[in-house]
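Asker: Next comes the sequence, and after it the predicted model I'd like to discuss.
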Amino acid sequence: MASEGDGLNDTNGETLASPEPTLEEGASPEFVGDPQEMWIEEYEREGRRVKPRKEREEPRRLLRWIVLVAVIIVLVVWTLISPSVMPVSGTTYTESEETANLGSEAFTQNVRIASGLISVGATTWAISMSGDPNATVDEDAVFQVMVSKMSEDNGGFWFKGTDISLRNVSFYTVDDALIGWMTDKEEESDRSIGEVHAIFTEPGIYDCHVTVKFSVYEIMRIGFLPADKVLITVGLSDLIVVSERAEPGSP
């Protein structure tokens with residue numbers, strides 16, 4: 001008889017291999033291999049563990065707070081650097097001999113923002129011109145051109161009103177010959193004044209006009225936005241009389 005553990009002998013005396021044990025249905029095999037590999041596999045499974053919801057939400061909540069604080073800072077700075085609304089002056093400057101002895105003209109602008117897509121109200125601007133109507137050949141003739149606000153109708157509570165920045169003033173004769181331009185400007189709370197220096201090279205009587213260019217800004221409860229750019233031509237109500245320069249020693 002063969003001893004325990006030996007293979008079975010067939011009838012010819014040959015040794016038969018013992019059958020390998022089989023797994024019962026539903027049983028799981030035991031891990032066979034290097035214990036270190038088993039530990040690494042277990043560690044990797046733990047590393048892939050899904051974090052709790054609270055841990056996932058914490059960085060997102062912090063990011064939302066950072067974005068909120070940044071937006072508030074931007075809005076505060078935007079409001080602080082906003083220009084002040086230009087006050088309405090009515091006809092104060094248009095009917096004054098000091099500021100409009102060479103004439104004035106008013107026009108109404110439909111103020112728009114967002115590239116002209118949104119209307120935020122209507123403003124009536126006034127251009128007033130002053131200076132000496134008598135000039136001398138080849139000498140500086142100085143004129144003042146003023147932009148003021150006569151009236152304003154805002155489009156709603158969110159919009160406070162408008163302000164302007166004077167860009168340029170040019171002085172022309174009736175045949176569109178450029179003879180003067182703005183050399184200085186003065187920005188006051190209720191008006192912008194451009195100082196124009198013109199030179200006439202020939203004596204005579206001149207019919208003149210000016211072109212005025214300025215930018216309009218819409219001031220809001222929070223911040224401000226650029227609106228339209230205005231370019232308008234206004235004629236002087238008086239003629240400019242230009243005389244020859246007096247010779248030295250002449251009476």
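Answerer: The structure has been received and is ready for your questions.

Asker: And this structure, split by domain according to the record?
Answerer: Domain ranges of the chain: 33-81, 97-243, per automatic domain parsing.

Asker: what's the most buried one of the ones you listed?
Answerer: Across these, averaging neighbours per residue (mean count of other C-beta atoms under 10 Å) puts domain 97-243 on top, at a mean of 17. For glycine as for every other residue, the C-beta is placed from the backbone atoms N, C-alpha and C.

Asker: Average pLDDT for that domain, rounded please.
Answerer: Mean pLDDT, domain 97-243: 95.

Asker: What's the end-to-end length of it?
Answerer: One end of domain 97-243 sits 23 Å from the other (C-alpha to C-alpha, to the nearest Å).

Asker: Tell me where this protein has helices.
Answerer: For the chain, the helices defined by DSSP state H occupy 35-47, 53-80, 97-100.

Asker: Of all the domains of the chain, which one is nearest S89?
Answerer: domain 97-243 (4.9 Å; C-beta to C-beta).

Asker: so how far is that closest one from its chain's centroid?
Answerer: Remark: domain 97-243 is offset 24 Å from the chain centroid, using C-alpha atoms, centre = their mean, to the nearest Å.

Asker: excluding its backbone neighbours, what's nearest R191?
Answerer: Among residues not flanking R191 along the chain, S148 sits closest, at 4.4 Å (C-beta to C-beta, 6 or more residues apart in numbering).

Asker: how close does that neighbour get to E218?
Answerer: Using C-beta to C-beta, to the nearest Å, S148 is found at 18 Å from E218.

Asker: With T211 instead?
Answerer: 24 Å.

Asker: so what's the residue positioned nearest the centre of the chain up against?
Answerer: Most central in the chain under C-alpha atoms, centre = their mean is L225, positioned 6.3 Å from the mean C-alpha point. Contact partners of L225, counting by C-beta atoms under 8 Å, 6 or more residues apart in numbering, are 113-114, 217-218.

Asker: The residues you listed: which two are farthest apart?
Answerer: Counting by C-beta to C-beta, the most remote pair of the contacts of L225 is A114 and Y217, 13.5 Å apart.

Asker: which residues sit in contact with the residue nearest to V85 when sequence neighbours are not counted?
Answerer: Spatial nearest neighbour of V85, chain neighbours left out: G161 (3.6 Å); criterion: C-beta to C-beta, 6+ apart. Applying C-beta under 8 Å, 6+ apart to G161 gives the contacts 85-86, 121, 152, 154, 218-219.
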